[in-house]
Every structure is written in C-alpha cells, then in structure tokens.
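Sequence plus the predicted model coming up.
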Amino acid sequence: GALLSVSGGVLALAALATYALVRSSLQPLRQIETTAARIAAGDLTQRVEAAPVTTEVGSLASSLNTMLGQVESSFTAQQASEQRMKAFVGDASHELRTPLATVAGYTELYRLGGIPQEELPGVMARIEASSLRMRTLVTDLLSLARLDEGAPLQIEALAPAVHLHEAARDLAVLDPSREVRVNARASRQVLADDGALRQILTNLVGNAAAYSPAGSPVELASQDGEDGVHLVVIDHGPGVPEADRSRIFERFARLDEGRTRDAGGSGLGLSIVCALTSALGGWVRCEET
C-alpha cells in the first residue's frame, strides 16, 4: 500500500512537471499565434517576440519576422504606388479636360450656327491646336506607361556628337532666330538606346525653346566625366529656383500654378527625360549656369 502510494505520488509529480514543461514550451507558439491573429486583422507592424535562434521556435520567429518585414515593405510600396497612380490619373484627366472642352464647345457652337463665317478659320485653328495638345499628351502618357512597365531597350554604342547635331537642327527649325552652338568634346561613345537618346535630347531642346526668350542662344555640349559621358543643354532663360530644380522632373509639375499649357506642352517632357535616363543607368539634373 505504501509502495503504491509513493508510485502514485511520483507519477502525479511527473505529470505536473511534464504539463508545466509542455505549457512553457508552447508559450512562444501561443505568442506567435496571437501575433498572427493581429497581423490577420490588418496590423502589419506586429512582430514575433525574438528568441534564441538556436532553438526551433527562435528560428521560426526570426524567419517570420523577416517575412513580415518584407510583406510590410511591399504593402507600403504598393500603397505608395497606388497613390501615385491615382494622382497621375487625376492629373492626366485634368490635362485632357481643357482641350476636350474646347473642341466640344466650339463644335457645339458651330452646330448651333453661333460662329460667324469670318471667325471660322480662327475657330478651326483653335480646335486643331487643342487636338494636337491632346495627341501630344496621349503620346507622352503611352511613353511613360511603357517605361513604367520596363519596356526593353536596344543598347548599343552611339556617338553623342551625331545626336547633338541632330538636336541642334531640330531646335533651329523650332526657332530659326536662335543661335545654336554644338560643343562636342566627349571622346567616348555612349552605351544607350538610339531612340531613347534622341527623345531625351528632343525633349530638352523643346523645353529650352519653350521657356527661354525667343532668339536667345542655346548650347549643346558633351564632355567626358568620371561616371560616363555628360550631355548638356545650356539655355539663357530665367532659370529655375534652386528649391524647384528636382521637382521639375516630376510628372505634371508646375512651378507657376497659375500658368496654363495652352501653348501645347503636356507637362510630361522632363519626366520622360528623367525616366529614360534612369532606364539607361544615368541621371539628369538642373543646374544654374
């Protein structure tokens, strides 16, 4: 009877010790379960309490925390991307609304007989200008969409002097009164996509023509740099305030909120330049000269 009582006591103590040990071992798993429930409820900032990585639970907690960090970063990046896309679509809609309203308004007025015959050529010119503005905007939007999707580029060795002289001829056509100088000092070729490089320079000289005084000189230059070949477009316009020199490469950026784009600009030219140079592994910046 005494032996049986002692054996029963030992078994009871062993059962209690085993229960306490298992409960203690499962405690980290309960914490992981609680954290997982909070994450499932939408709180991506939650993390599992760290434990020695030499244990299985510690290794699991470390892996989960790493995974949660990546998930949170991806989710944050996705939210930021969605916000940028919403703003981009809103800006594009706003830019298209004005020329569309112009075309619709004049055609409605013409249908009602409200345009005198002598004013008809001017009205048609206004409709044509608005149509051109819409076409330019749509073309630029498609270019940015292709860049955002990572459209492949055909990289080859190009002579920058050739592209500078072509851009100079384009600028001379835009404004025959300008003095356009080309100073191609770079001795190296550049590894780039031919169409992308042409578009970069076309957009830059177009910007110079639009925002510097008519007839003022423009210089196109190339020079060897430590990080590659530098292509430079120098104009003699009013310049850009230092605080705005990075913002001009944003999509639909306006330095003067009261200025319209009735002259035909899409507000995307410099953002396309920025996207193309980045895709080619380069950079672009605005400097005071």
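Perfect, thanks for sending it.

what about the helices in the stretch 101-250 of the chain?
Taking DSSP state H, counting those that start in this stretch as the test, the helices found in the stretch 101-250 of the chain are 120-148, 160-174, 194-211.

Is the residue nearest to P160 when sequence neighbours are not counted bridged to anything, and to what?
Once flanking residues are discounted, P160 sits nearest to S222: 4.4 Å by Cβ to Cβ, 6 or more residues apart in numbering. For glycine as for every other residue, the C-beta is placed from the backbone atoms N, C-alpha and C. Beta bridges link S222 to A184, L231, judged by DSSP bridges.

what's S222 in contact with, if anything?
P160, A161, L164, N183, A184, R185, A186, V229, H230, L231, V232 (Cβ atoms under 8 Å, 6 or more residues apart in numbering).

count of residues packed around the second one?
Yep, that's A161 we're talking about. For A161, the neighbour count with other Cβ atoms under 10 Å is 16.

how close does it sit to V233?
Separation of A161 from V233 (Cβ to Cβ, to the nearest Å) stands at 14 Å.

Next: the fifth one.
Separation of A184 from V233 (Cβ to Cβ) stands at 13 Å.

Does E156 touch D194 like I think?
Yes - counting by Cβ atoms under 8 Å, E156 touches D194, with 6.7 Å between them.

now, among the contacts of S222, which is nearest to A208?
V232 (11.3 Å; Cβ to Cβ).

Can you tell me the closest non-neighbouring residue to the closest one?
A221 (4.4 Å).

Do you know the pLDDT at the one you found?
A221 is assigned 94 on the pLDDT scale.

so who does the nearest residue to P213 once chain neighbours are set aside touch?
Closest residue in space to P213, ignoring its immediate chain neighbours: G237 at 6.6 Å, by Cβ to Cβ, 6+ apart. By Cβ under 8 Å, 6+ apart, G237 lies in contact with A208, Y211, S212, P213, S216.

again, but for L191
Here L191 is in contact with I155, E156, A157, L158 (Cβ under 8 Å, 6+ apart).

Which among those residues count as buried?
Among the contacts of L191, those classed as buried by 16 or more other Cβ atoms under 10 Å are L158.

what's the closest of the contacts of L191 to E72?
Nearest to E72 among the contacts of L191, counting by Cβ to Cβ, is I155 at 35.5 Å.

Show me what that closest one bridges to in the sheet.
Under the criterion used here (DSSP bridges), I155 is bridged to D193.

Can you tell me how far it is from L197?
Taken as Cβ to Cβ, the span from I155 to L197 is 11 Å.

again, but for P152
The spacing between P152 and L197, counted by Cβ to Cβ, is 15 Å.

Fine by me, thanks again.
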